[in-house]
Each structure stands twice: as structure tokens, then as C-alpha cells.
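Chemist: no FASTA, just this:
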């Protein structure tokens with residue numbers, strides 16, 4: 001590999017000849033060879049958005065030469081288009097402020113801008129990564145701002161549409177199954193009758209409430225730290241810089257962004273990220289409930305509950321021919337576990353606000369974005385590859401309902417709790433239905449017994 005020499009405040013560094021980045025990125029690449037984890041492209045695009053509009057605003061304010069600003073803008077737009085994804089080489093596990101990633105972006109944009117202006121890639125002239133691309137900014141306000149912008153865009157473009165699709169499919173199933181009577185279960189034991197539609201309506205409401213929580217969390221996530229620079233007091237930035245850049249980003253993205261009310265809180269703490277992650281964790285717990293119920297209700301197909309049928313997507317066993325597994329619900333369970341784990345890391349990371357700076361920003365950004373993206377993909381797959389194709393097994397639901405000992409509950413108003421309990425116990429011991437034992441014992445006139453049980457089984461029960 002051929003190299004060129006780049007310089008920073010610590011001296012000379014060998015950088016790959018074809019790289020757009022410079023010395024600081026190369027040092028970070030060598031120092032942080034920790035994992036294979038890199039920031040997702042949505043985060044790098046949020047960084048590029050900030051750099052693009054920062055250059056334009058600085059030019060408008062008379063702080064940056066128009067020619068340099070135009071080159072920076074063009075380079076940033078190319079980053080937004082994904083042209084330089086391979087140039088963002090810094091590990092997620094790095095300096096806690098994310099300075100290495102900020103400089104990676106600054107150097108790539110400067111390196112490309114210099115190529116546009118001089119034909120020579122990299123370097124610091126005429127566009128300097130710190131003096132020009134990073135003008136009016138600090139890693140300490142840019143990284144948290146990019147984290148918020150990236151998260152909001154992923155929620156807007158990916159997570160919310162996926163949740164709305166899942167809610168729609170679940171709601172449609174609740175309507176389709178509204179007249180399928182079945183036995184409810186509490187403590188994994190038979191309870192009183194409900195409809196399959198009511199069960200799916202509960203799942204739909206969980207997703208709906210998740211959407212409401214997400215809307216609420218977005219209000220705090222929409223505050224950006226930009227303008228606080230190093231410690232929150234805005235040193236070395238124009239008083240109008242932040243508000244104008246944030247307005248421009250809002251206009252381009254359609255997000256309702258605003259400058260942080262208090263920059264010290266915005267940089268020293270990351271409470272909005274912790275809150276948003278908590279909302280995602282709650283959503284993951286809801287997904288676990290829904291996915292587990294679906295796979296249990298579909299268990300069998302002959303020796304399980306079998307009250308619903310889910311789409312068969314792929315062979316389920318390398319040894320048992322014909323076996324088909326609930327692969328989509330199982331995927332959802334794993335995604336949900338990952339999101340819960342991510343939230344634990346974010347909770348710890350949120351506590352790393354020491355005085356005027358949180359020093360786990362890269363961890364917070366990576367985990368938050370992974371949670372959003374995984375939940376969005378999981379919700380979409382659950383809706384399209386599972387829920388949409390679910391069929392209710394009316395015959396099995398009816399059979400299970402007739403066999404349930406919990407039907408004895410329907411006799412309580414007529415014969416009292418103790419006699420109804422004795423009825424259920426005897427039916428269990430004899431291996432008979434509650435109906436059969438009630439008729440045998442003559443607890444009530446046979447016609448009345450059938451009327452009581454038929455009401456509860458057919459749905460006119462008031463329970």
C-alpha cells in the first residue's frame with residue numbers, strides 16, 4: 001500500500017494515499033482497534049448535515065470564504081449520498097466525546113473539498129478540517145446533536161411506519177377474529193371465555209401505546225446541543241450560528257428541531273437519549289408479550305394449543321422432516337432482548353456525565369440507533385411475514401372452550417362459588433366436561449344448564 005504524509009499537532013503520520021481522511025483519523029484508527037463496530041450510515045449522514053449547513057451559515061455570517069464553503073457543502077452532500085462510507089473507519093469504542101469520529105468527518109470533508117479545489121486529495125489547504133469544516137463547533141456539541149438528528153430521522157423514516165403497519169395488521173385481525181370464542185388463560189391455566197379478536201385487540205393497543213410514548217420522547221430528542229461548543233458556553237461560535245444551522249437542518253429534513261434551552265444540560269447529561277431508549281425498551285417488552293403469545297397460540301400443530309395458524313416460511317429442523325417453526329416471533333424475541341441489553345448500556349452511559357461533558361457518547365449513539373433500526377425491521381417483518389397471514393382455528397378454539405373446567409364459573413350466580421368449585425373438581429377427576437357432570441348430578445334443570453353454558457360459549461355472557 002502506498003502512503004502519503006499528513007501532519008497534526010503531534011507530528012507526522014503515514015496515511016493511505018487513497019484516503020480522504022488525515023492524521024487524526026489515522027491515529028484513532030491505530031489506537032482504537034477494538035471491535036468491528038462502526039457507526040451506521042445514518043449517523044454519518046447526520047454529521048454531514050451539520051457540516052453542510054454549518055459551512056453555509058458561516059459563509060452567510062461572513063466567517064468563511066464563499067469558495068471554501070461551496071467546496072465543503074459539495075463534499076458534505078457527497079457524504080450524504082453515501083459516496084464516502086468506506087472512509088469512516090473509526091471504531092465505536094473510542095474517546096468518550098466522539099472527537100475521533102468528528103475529526104474523521106472533518107478530515108474526509110476537507111480532504112474531498114481540497115480535491116475539488118486543487119485536484120489533490122487530503123491535506124489542510126485551502127480547506128482546513130478544524131478551522132473551516134469544524135468552524136463554530138466542537139465534538140462536544142456536534143456528536144450529541146448528530147445522535148439526536150440521526151435517531152429522529154430513523155424514527156420518522158423507519159420505526160414509526162413499521163409500527164403503524166404492525167398496528168394496522170393487528171387491528172385488522174382483531175376485527176376478523178371478533179366472533180371466534182376461545183378460552184382465556186391466566187397463570188397459564190384456563191380462565192373464562194373471551195374472543196380471539198379481544199386478544200389481538202390487546203396486542204394492537206400495546207403497539208398504539210408504543211407510538212404514543214415515542215411521540216412524547218421525540219419532544220425532548222428534538223433539542224440540539226449545537227452552539228454550546230466545548231463546555232456549553234458557546235465559546236468561539238457566532239451567537240446566531242446554532243439557531244440558523246438548526247433551522248436549515250429542520251427545513252431540509254422536515255424535523256421540528258430547536259436549540260437546547262440549556263446547553264450545559266444538553267452536553268453534560270444525555271437524559272433525552274436515556275428516555276428514548278427507555279421507550280424503545282418498553283416497546284421491546286411489548287413485542288416479547290405479543291411474539292410469545294403468537295407462538296404459543298400457534299403451538300402444535302397437533303399437540304399444542306393450535307388456536308391460530310401462522311404462515312409457514314421455511315423448514316424448521318435439520319433432523320425432523322416436515323417440522324415448521326415460528327421463526328418470525330423467535331426473531332422478534334431476540335431483537336427485543338438486544339434492545340433491552342442496549343438500554344442497560346445506555347442507562348450506564350447516561351450516568352457518565354462528569355461535570356460539563358458526558359464521556360460515553362459513541363456508545364450511546366451506536367446502541368440507540370441499533371435499537372431503533374432493529375425494532376423497525378422486526379416490526380415490519382412481524383407485520384408482513386406473520387400477522388398478516390395468521391388464521392384463527394375456530395374449531396380448536398371451540399373445542400378447547402367446551403373442555404375447559406373454567407366454565408363452572410358460569411354457574412356461580414345460580415349455585416354459589418363452593419358448589420361450582422366442586423363441580424369443576426369432579427369434572428376434572430372424572431375426565432368429563434363441566435356440562436356432562438352438571439347434567440349427571442342434576443344441579444339445575446338440564447335445559448337451564450345448556451342455556452347457561454351456551455350463553456357463555458356463544459358470547460352472551462357479560463364476562
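Modeler: Perfect, I can see it now. Not measured: the values here are computed from a predicted model.
Chemist: quick one: the spatially most central residue of the chain from residue 9, how far?
Modeler: The residue lying closest to the centre of the chain (CA atoms, centre = their mean) is residue 372, at 2.4 Å. Going from residue 372 to residue 9 by CB to CB, to the nearest Å gives 37 Å. (C-beta placed from N, C-alpha, C; glycine too.)
Chemist: quick one on the thing from earlier: assign the closest residue to the residue nearest to the centre of the chain other than its chain neighbours to helix, strand or coil.
Modeler: Leaving aside its chain neighbours, residue 372 sits nearest to residue 154 (4.5 Å; criterion: CB to CB, 6 or more residues apart in numbering). What DSSP: H, G, I helix; E, B strand; the rest coil gives for residue 154 is helix.
Chemist: Identify the residues contacting residue 154.
Modeler: Residues near residue 154 by CB atoms under 8 Å, 6 or more residues apart in numbering: 42, 369, 372, 373, 376.
Chemist: Just the buried ones from those residues?
Modeler: When the contacts of residue 154 are checked for burial by 16 or more other CB atoms under 10 Å, the buried set is 42, 369, 372, 373, 376.
Chemist: isn't the fourth one right up against residue 158?
Modeler: Going back to what we said before, that points to residue 373. Yes - in this structure residue 373 lies within contact range of residue 158 using CB atoms under 8 Å: 6.5 Å.
Chemist: element containing the residue nearest to the centre of the chain, please.
Modeler: For residue 372, the host element (DSSP states H and E) is helix 361-385.
Chemist: Show me where this structure dips below the pLDDT cut-off.
Modeler: Filtered on pLDDT under 70, the chain yields the residue ranges 460-463.
Chemist: domains for it, by residue range?
Modeler: Per the record's domain assignment (automatic domain parsing), the chain is made up of the domains 3-135, 141-220+270-394, 404-458.
Chemist: Save the ones you listed as JSON lines, and put in distance to residue 253 too.
Modeler: Shown next, in JSON lines, are the domains of the chain (distance: least, CB to CB, whole Å):
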{"stretch": "domain 3-135", "distance to residue 253": "7"}
{"stretch": "domain 141-220+270-394", "distance to residue 253": "6"}
{"stretch": "domain 404-458", "distance to residue 253": "54"}
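Chemist: Out of these, which is closest to residue 238?
Modeler: With CB to CB as the measure, domain 3-135 is the member of these nearest residue 238 (5.2 Å).
Chemist: Figure out the length between the terminal residues of that closest one.
Modeler: Start-to-end span of domain 3-135 (CA to CA, to the nearest Å) is 28 Å.
Chemist: Please apply the same query to stretch 408-423.
Modeler: Terminal residues of stretch 408-423 are spaced 7 Å apart (CA to CA).
Chemist: Contacts for stretch 432-450, please.
Modeler: Contacts to stretch 432-450, defined as CB under 8 Å, 6+ apart, come from residues 402-405, 407-408, 411, 414-415, 419, 423-424, 426-427, 430, 452-453.
Chemist: ok now it, how far from the chain's centre?
Modeler: Between the centre of stretch 432-450 and the centre of its chain there are 53 Å (CA atoms, centre = their mean, to the nearest Å).
Chemist: mind listing what residue 390 touches?
Modeler: Residue 390 neighbours (CB under 8 Å, 6+ apart): 173, 294, 298, 308, 309, 310, 311.
Chemist: Residue 282 reaches residue 207, doesn't it?
Modeler: No - using CB under 8 Å, residue 282 is not in contact with residue 207; the gap is 11.4 Å.
Chemist: And these two? Which one has more around it.
Modeler: In this view residue 282 and residue 207 are compared by other CB atoms under 10 Å, and residue 207 has more residues nearby, 25 against 18.
Chemist: unless I'm mixing things up, the more buried one is touching residue 160, no?
Modeler: No - the pair residue 207 / residue 160 is not scored as a contact, 11.2 Å apart, by CB under 8 Å.
Chemist: which residues are contacting the one helix or strand residue 28 maps to?
Modeler: Under the criterion of DSSP H and E, residue 28 resides in helix 23-31. The contact list for helix 23-31, computed with CB under 8 Å, 6+ apart, reads 6-8, 10, 12-15, 19, 89-91, 94-95, 100-101, 103-104, 107-108, 129.
Chemist: Which of the residues you listed fall within strands?
Modeler: 6, 7, 8, 12, 13, 14, 15 (DSSP state E).
Chemist: Would you point out the most distant pair within those residues?
Modeler: Greatest spatial distance among the ones in strands among the contacts of helix 23-31 (CB to CB): 8 and 14, at 12.4 Å.
Chemist: Which one of those two is surrounded by more residues?
Modeler: Legend: neighbour count by other CB under 10 Å for residue 8 and residue 14, higher for residue 8 (18 against 13).
Chemist: From residue 107, how far off is that one?
Modeler: Note on residue 8: its distance to residue 107, by CB to CB, is 10 Å.
Chemist: Can you pull the residues that touch both of the two?
Modeler: The contact sets of residue 8 and residue 107 overlap at 22, 23, 24 (CB under 8 Å, 6+ apart).
Chemist: my guess is the first one meets residue 127, correct?
Modeler: Yep, that's residue 22 we're talking about. No - Residue 22 is beyond contact range of residue 127, at 11.3 Å (criterion: CB under 8 Å).
Chemist: quick one: which of the two has more around it?
Modeler: Just comparing residue 22 and residue 127: by other CB under 10 Å the higher neighbour count belongs to residue 127, 29 against 25.
Chemist: Could you find the closest non-adjacent residue to the more buried one?
Modeler: Among residues not flanking residue 127 along the chain, residue 113 sits closest, at 4.1 Å (CB to CB, 6+ apart).
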